[in-house]
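# Any chance you can model this:
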Amino acid sequence: MADYQDIRGLRVKYLSADPSNTVAGEVWYNSTTGTLRSQLVTEAWSSGAPIATARAAMGAGGIPTAAWIAGGTASTPNSGLAITEEYNGTGWSAGGSFTANPGRGYTDGSGPLTAGLQVGGAPGSPVVGQTWVESYNGTAWTGETGTPIGLWQNAVFGTSAAAVSAGQEPGTVTAVFNYDGSSWTVGGPMNTTRGYATGAGTQTAGFIVGGSPPTGDTYTELYNGSTWTVSAVIASASAGYSGGANGVQTSAIYFGGKPNSPAVSVATTELFDGTSWTASAAMGTGADEMGSANNGTSNSTALSVGGFPNGAGAAFSTTEEFNQSATVITAGAWASGPVLNTGRNQAMGAGATNTAALVAGGRVAPDNSSNASETYDGATWTTTPNLNTDRYNIAGCGISTAALGFGGRQTAPGSTQSASEEWDGSSWTATPSLNTAVLSSSGCGTSTAGLNAAGSPGSPTEIYNGTTWTDQSAPSAPALQTRGAAGISTAAVYFGGTGSPDTATEDWNGSAWTAGGSLILGRYFNAAAAGTSTDALGFGGYVTPGSTAATEGYDGTVWSTRPSLGTARYGMAGAGTASAALSAGGGPFTTATEVFTGETSAANIETLTTS
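Here you go, the predicted structure:
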């Protein structure tokens, strides 16, 4: 019998611990555990950041780490959206809206993030296919030469300079057209007419899979630019049409969709090797009419965006990522933590991580300012000595053992505060007051280098050096209160604000404020924050007509989506970093705590057995 050395030409390593630089298929003996170990390749879907606008039946393109979606419909009947979102592998950010033509659903697209193509679709209900074609340069859409006939529920693949549109609804029309970047010509006819098919690949080496009623096709056709060749049938006949796809003719992936009857979305995934389809890991949620990044070059990665539950109703906002790799990816997420001892909102938060934080002050039931203070060690909230001055909408900065609280307002006698206090890990001590009493300001930085800004209208920016507060005479331009804030005294970001749900963002460089990238979702009433000016997390807040659970990340230029809080809230205390954040309390007077952990990956090392 052949042994490992005969097969691999190598001896099995004898190690006291698992190595950190393994490769897929490598085998070793762990002498500490007494087991034979190996790094294995896995196939799995993981959750990604949600899209900002839930939708289905949209155009999409790019690759799973640089994708775009555009148009679509938020529900049935067709609502015809015009908005675009872009994905960087971590979160979704706002892109350009259609300009030459109105919003549309039941459309399709292809091409990379900076050279996308959107073809066909319908502006509303009843659905009537259009000849509209637009190209995308990563910033704006431009109208292009229209298709020879109106199209909807067509499959598009290729690039903006060499694309194919195949099929349409109703599926009784062949409708294959080739595009050269300026004009459309009739392509080779499919072997079976269909709509609701899904495609990927290039103009001269593409494929479509699945198809629409009345046949509910489950087979694949390969295209060489002029001729279609019938290929393998999908292994799971339950997924007949409206699924997602990625890859090329010899390495493709198909996922989701639904059969003809019953029309129930499935979560199945199948991989194609150029000859046959085989089942792979199921999606987290069955869906159809999703968007998919279809410009990848293999079946090892895929992106599924939005979609419908069973072809109708309200669209999903979910993102799922497929990876075939030797690492296990754990998606970023918020999780419930131990509750606060005092339920409150509009309190200050401080802390360097999500396992070491401080919360103090705030508004408590029925409607009173509080001086309660407590610290978190990653497992328990512990009541600590109180603030010297009770107040809500108090600003703060620092860490759990060295923090600063300042400004705010007392319920009785109803006075706005200038008082400042320092926390040394065991008690609060009065420090020099702010130069201006301020309500609803926001703070960030450290206990010896703090920043206070964006409070009562027209109030100045002030910096604390550990001894005194200095007026910077630089009020934030929008003059908004209750803003989220992250960073340090010389490099900070402030966002949102009171008045109406505001999308404004401002960056502070230590001496002046400049406009930053706009939030995707405007919010106010103490949206919480964590992180730095170039790697920030903003979460929760108040939007008309209520609280939001939406979370966004900021890279110093653009905001993009992140996994949402478990519960919508405003007025939370925030702490930590963009990948290890804490949200505590919030409106109305909750004790809830949530802990955020960013996406992680680890080698998929398993113990080998004979079973």
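# use CA for all of it now, contacts and neighbours both
Noted.
# Neighbours of Q249, how many?
The number of residues packed near Q249 is 25, by other CA atoms under 10 Å.
# I'd like to check which residues are in contact with it.
201, 205-207, 222, 272-274 (CA atoms under 8 Å, 6 or more residues apart in numbering).
# Can you select the buried ones from those in ChimeraX?
Selection of buried members from the contacts of Q249 for ChimeraX, criterion 16 or more other CA atoms under 10 Å:
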select :201,205,206,207,222,272
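# Please flag which of the contacts of Q249 sit within helices.
With helices defined by DSSP state H, no entry of those lies inside them.
# out of the contacts of Q249, which one sits closest to V248?
Within the contacts of Q249, the smallest distance to V248 is 4.6 Å, found for G201 (CA to CA).
# From start to finish, how long is stretch 541-558 in a straight line?
Using CA to CA, to the nearest Å, one end of stretch 541-558 lies 19 Å from the other.
# Now do it, average pLDDT.
Stretch 541-558 shows a mean pLDDT of 95.
# buried ones in it?
Neighbour-count burial for stretch 541-558 [16+ other CA under 10 Å]: 541-543, 547-554, 556, 558.
# And the contacts of Q249, which is closest to Y14?
Of the contacts of Q249, the one sitting nearest to Y14 (CA to CA) turns out to be D273, at 36.4 Å.
# what's near enough to touch the closest one?
Taking CA under 8 Å, 6+ apart, we find D273 in contact with 249-252.
# For this structure, which segments count as helices?
In the chain, the segments counted as helices under DSSP H are 4-8.
# Map the structural domains onto the sequence of it.
Domain assignment for the chain by automatic domain parsing gives 4-40, 44-330, 333-597.
# If you count neighbours, what's buried in the shortest one?
Neighbour counts over domain 4-40 (16+ other CA under 10 Å) mark 12, 18, 22-24, 27-30, 36-40 as buried.
# got it, and stretch 278-297?
Neighbour-count burial for stretch 278-297 flags 279-297 (criterion: 16+ other CA under 10 Å).
# Output stretch 235-250 in PDB with nothing but the alpha carbons.
Provided in PDB are the C-alpha atoms of stretch 235-250 (Å, rounded to 0.1, in the frame of the first residue of the first chain):
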ATOM      1  CA  ALA A 235     -27.400  18.500 -10.700                       C
ATOM      2  CA  SER A 236     -30.300  19.800  -8.600                       C
ATOM      3  CA  ALA A 237     -33.300  20.100 -10.800                       C
ATOM      4  CA  SER A 238     -35.000  22.100  -8.100                       C
ATOM      5  CA  ALA A 239     -33.200  25.300  -9.100                       C
ATOM      6  CA  GLY A 240     -34.500  26.000 -12.600                       C
ATOM      7  CA  TYR A 241     -34.300  29.700 -13.000                       C
ATOM      8  CA  SER A 242     -33.500  33.200 -11.600                       C
ATOM      9  CA  GLY A 243     -30.300  32.100  -9.800                       C
ATOM     10  CA  GLY A 244     -26.900  33.700  -9.700                       C
ATOM     11  CA  ALA A 245     -23.600  32.700 -11.400                       C
ATOM     12  CA  ASN A 246     -19.900  33.400 -11.700                       C
ATOM     13  CA  GLY A 247     -16.900  32.000 -13.400                       C
ATOM     14  CA  VAL A 248     -16.000  30.700 -16.900                       C
ATOM     15  CA  GLN A 249     -17.000  27.800 -19.100                       C
ATOM     16  CA  THR A 250     -14.600  25.400 -17.400                       C
END
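# ok, back up a step: among the contacts of D273, which are located in strands?
In this view, those that belong to strands under DSSP state E are 251-252.
# quick one on the thing from earlier: now for the buried residues of stretch 541-558, which pair is the farthest apart?
It's S547 and G556 that sit farthest apart of the buried residues of stretch 541-558, by CA to CA, at 25.3 Å.
# count of residues packed around P262?
By other CA under 10 Å, 9 other residues sit near P262.
# Kindly indicate which of the buried residues of stretch 541-558 lies nearest A491.
Taking CA to CA as the measure, A491 sits nearest to G556 out of the buried residues of stretch 541-558, at 10.1 Å.
# Good, we can wrap up now.
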